[in-house]
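Undergrad: starting from these lines, generate the structure:
(2 chains)
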Amino acid sequence: EAGVVQSPRYKIIEKKQPVAFWCNPISGHNTLYWYLQNLGQGPELLIRYENEEAVDDSQLPKDRFSAERLKGVDSTLKIQPAELGDSAVYLCASSLTSGRGETQYFGPGTRLLVL
Amino acid sequence: AQSVTQLGSHVSVSEGALVLLRCNYSSSVPPYLFWYVQYPNQGLQLLLKYTSAATLVKGINGFEAEFKKSETSFHLTKPSAHMSDAAEYFCAVSVGGNDMRFGAGTRLTVKP
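TA: Here you go, the predicted structure:
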C-alpha cells in the first residue's frame, strides 16, 4: 500500500514569492491534515479536512496561507507571499476517519527555506 | 486543554542499554496517547498508541509504553537500545476530531 505522498521534498524561494505544496493521501482515507513543524519542535496542526470540507482551520494564518482539497482526495497548501519565518517542514497526514484515536499516517514532508 | 510534556530534549544511551523517554500529559477527558518516531528527513511513523484498553501497550521495534493515570504519564521504554533506534521521538495526545497535540520531541542518541 502506498503511503502519503508529498511534493516537492525541498523548496527554496525568496521572501515575498508564492509557494505551493502538494499531498496525496493514502487511498480511501477521508481525513487529511496539514501540519507545520519548526526546527526542534513537534508538528502543529494547520488545517484538517474531512473529505473536501475544511473542518478545522483555526490555526491557519489566513492572510497568507490557503489550502484546498478538491474532490476529497489530494490537497494543496499555498503560501502567498512567503516570509522568512515560514521556513519549516510542512507535513501532510491522513487517516481513515476523524474518529478520536484513529492512526494518522504521515508523509515525508516538504522542507521550505525562505531566503 | 489537552497537552503533553516531554521531559528531556536529548537522551543519550549506550547500545544495549535501557531506553526511557518520558512523557506526561494533561487532559480533561480520558486521553488517547501516541508515540511517534521521526528519522532524519522523514515523516513521523507510529510506534504505538493507547486508546483506553490495556495500560501496557506494545509497539513496533521492541518499544512499549505504560499508561499511568495516577502519574499522568505515558513513558516509552525499550529494554535494549540498538543503533538504529537513534531518531527523534514525539509523544502526542488526541483531542477532539482526532486533532493531535505533539510534545516538543526527544532526540535519542545511541552510542556504540
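Undergrad: for chain A, what are the nearby residues on chain B?
TA: By Cβ under 8 Å from any Cβ of the partner chain, the residues of chain B that approach chain A are B:9, B:32, B:36, B:41-46, B:49, B:51, B:90, B:92, B:94-100, B:102-105. Placement of C-beta: from N, CA and C, glycine included.
Undergrad: what subset of those is buried?
TA: Among the residues of chain B next to chain A, those scoring as buried are B:32, B:36, B:43-44, B:46, B:49, B:51, B:90, B:92, B:94-95, B:98-100, B:102-103, B:105 (criterion: 16 or more other Cβ atoms under 10 Å in any protein chain shown).
Undergrad: which residue packs closest to residue 12, ignoring adjacent ones?
TA: Chain wasn't specified; assuming chain A. residue A:113 (4.7 Å; Cβ to Cβ, 6 or more residues apart in numbering or on different chains).
Undergrad: actually, chain B is the one I wanted.
TA: Nearest non-adjacent residue to residue B:12 (Cβ to Cβ, 6+ apart): residue B:109, at 4.3 Å.
Undergrad: do the same with residue A:54
TA: Nearest one to residue A:54, counting by Cβ to Cβ, 6+ apart, is residue A:47 at 5.7 Å.
Undergrad: looks like that neighbour contacts residue A:61 (just checking).
TA: No. Using Cβ atoms under 8 Å, residue A:47 is not in contact with residue A:61, being 10.6 Å away.
Undergrad: more neighbours: which of these two?
TA: residue A:47 (22 against 13; other Cβ atoms under 10 Å in any protein chain shown).
Undergrad: and that one, what does it touch?
TA: A:33, A:34, A:54, A:56, A:57, A:59, A:60, A:67, A:77 (Cβ atoms under 8 Å, 6 or more residues apart in numbering or on different chains).
Undergrad: now residue A:36
TA: If you count contacts by Cβ under 8 Å, 6+ apart, then residue A:36 has A:43, A:44, A:46, A:88, A:89, A:90, A:91 around it.
Undergrad: now those in TSV, please, with extra columns for distance to residue A:102.
TA: As requested, the contacts of residue A:36 are arranged in TSV below (distance: Cβ to Cβ, whole Å):
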residue	distance to residue A:102
A:43	16
A:44	19
A:46	19
A:88	25
A:89	23
A:90	21
A:91	17
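Undergrad: tell me the two of these that are most distant?
TA: Pairwise distances across the contacts of residue A:36 peak at 12.0 Å for A:46 and A:89 (criterion: Cβ to Cβ).
Undergrad: which strand residues bridge the most centrally placed residue in chain A?
TA: Against the mean C-alpha coordinate of chain A, by Cα atoms, centre = their mean, the closest residue is residue A:34 at 2.9 Å. Here residue A:34 sits in beta bridges with residue A:47, residue A:92, going by DSSP bridges.
Undergrad: wait, what's in contact with it?
TA: Residue A:34 sits in contact with A:23, A:45, A:46, A:47, A:48, A:67, A:75, A:77, A:90, A:91, A:92, where contact means Cβ under 8 Å, 6+ apart.
Undergrad: great, nothing more from me.
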